[in-house]
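> Provide a 3D model corresponding to the input given below.
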Amino acid sequence: GLIIKPRTPRPMSALHFTPRDLDSARHRNGQLKHYTRLVARPETYVHIDARQTGLGGASCGPGPMPKYRFDANKPVQFTFTLIPFASELGALAALARPNHRYLQQPSIQRDKSGLVEIHSANSDSVVRFTIDGRDPQSSSTVYRGAFHETDAVEIRARAFKEGFPSSTVATAKFEKMRPLIHVDRNQWTIHKVDSEQAGEGWAKHAIDGNPETFWHSNWQTTKDVQPHDLQIDFGKDLHLVGFSYLPRQSGRNGWIKNYAVYLSEDAKTWGEPIAKGIFPANQSIQVVKFENPTHARFLRLVSLSEAAGAYYTTVAELDVLAIK
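Here you go, the predicted model:
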């Protein structure tokens, strides 16, 4: 026989049917009823699943909530061991019991200065790495401490320990680093805003350098609804590689959920968003890098929705990442 031992519990099956066999035998709503007899195949099909989508297929109601859905297009990685089994080897339960003879995959990080650190959860293991895109072997360079690497590079790392199978390979790709320049925001002005609350919520508060103040769309009189639009004039052309958004610090009202950011040279032609996505619902500063450096004088932030579904928007600080 064969024992399959995943590092963490995994859904598994061993059947004499393929997924297509099972799918063909079911009745599909709205189609002519038919019956395809299931015939067991001589082969055994073993499936080891990374995850499974939660129950509910929207056949007569809503599908699973987003947090229970599984995107099959995203790559996943997990570890398991295959062990041949025969009765003379001992009790099946004892052989199948986890013995933690695994090495965890190392983690690779690089900070803003280019300092690279590789960490392993197995403190007594030896971590070896490469910077040429090839998988580390037992003869590869031993990681002995943090090092600087500012060029474009693909770093791979693997943990080794005598008597253990080596860990899976950790891979991190980094682009060539370009030093950021200081941007003087004293020249910045609000070019346009679709809504603001007089007093505490003036739009200029989003660029005043004070994290305790904030722009707040009107919530008292006109109560303008989403989306909300804030446009900033830098006063000169900047070479931008990203932006940062600091949510309101005195409460969660108005935190942006879905957003889109546009750049322009003249505030007339905006084109497609240079960045869009979803901000997490917390007070931490959010930094978004652009796919390509872009010259612009104007930035437009569009709040498409609020974290709790409210009609208003708040921004404590909006800033940019610029290079020479």
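
> can you give me the strands for the stretch 101-250 of the chain?
Listed in chain order, the strands of the stretch 101-250 of the chain (DSSP state E, counting those that start in this stretch) span residues 107-110, 115-119, 126-130, 141-142, 147-148, 153-160, 170-174, 189-193, 215-216, 228-246.

> Using TSV, please lay out those together with distance to Asn282 and mean pLDDT.
(Each C-beta comes from the backbone N, C-alpha and C, glycine too.) Formatted as TSV, these follow (distance: least, C-beta to C-beta, whole Å; pLDDT from 0 to 100):
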stretch	distance to Asn282	mean pLDDT
strand 107-110	21	93
strand 115-119	24	94
strand 126-130	32	97
strand 141-142	38	97
strand 147-148	31	92
strand 153-160	29	96
strand 170-174	25	93
strand 189-193	25	98
strand 215-216	19	98
strand 228-246	11	97
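
> now the residue nearest to Leu55 when sequence neighbours are not counted: how far from Pro19?
Once flanking residues are discounted, Leu55 sits nearest to Pro64: 6.9 Å by C-beta to C-beta, 6 or more residues apart in numbering. Distance, Pro64 to Pro19, by C-beta to C-beta, to the nearest Å: 20 Å.

> Compare these two (neighbour count), which wins?
A side-by-side neighbour count of Pro64 and Pro19, using other C-beta atoms under 10 Å, places Pro64 first with 14 against 11.

> what's the helix or strand for the more buried one?
Pro64 is part of no helix or strand when elements are defined by DSSP states H and E.

> That one and Arg51, how far apart?
Counting by C-beta to C-beta - Pro64 and Arg51 are separated by 12 Å.

> Report all helices and strands that the least confident helix or strand in the chain by mean pLDDT contacts.
Least confident helix or strand of the chain, by mean pLDDT, DSSP states H and E, is helix 92-96 with a mean of 72. Helices and strands touching helix 92-96, by 3 or more C-beta pairs under 8 Å, 6 or more residues apart in numbering; DSSP states H and E, are strand 2-6.

> Can you tell me what sits against the strand it packs on?
By C-beta atoms under 8 Å, 6 or more residues apart in numbering, the surrounding residues in contact with strand 2-6 are 12, 46, 48, 78-85, 92, 95-96, 98.

> Quick check: next helix or strand after it?
For strand 2-6, the following helix or strand on the C-terminal side (DSSP H and E) is strand 12-15.

> For the closest residue to Gln77 other than its chain neighbours, list the residues it contacts.
Among residues not flanking Gln77 along the chain, Thr168 sits closest, at 6.1 Å (C-beta to C-beta, 6+ apart). Each residue near Thr168 by C-beta under 8 Å, 6+ apart is listed here: Gln77, Thr79, Gln105, Arg158.

> Please repeat the previous calculation with a cut-off of 10 Å.
If a contact means C-beta atoms under 10 Å, 6 or more residues apart in numbering, then Thr168 has Arg7, Gln77, Phe78, Thr79, Tyr102, Leu103, Gln104, Gln105, Pro106, Asp135, Arg158, Ala159 as its contacts.
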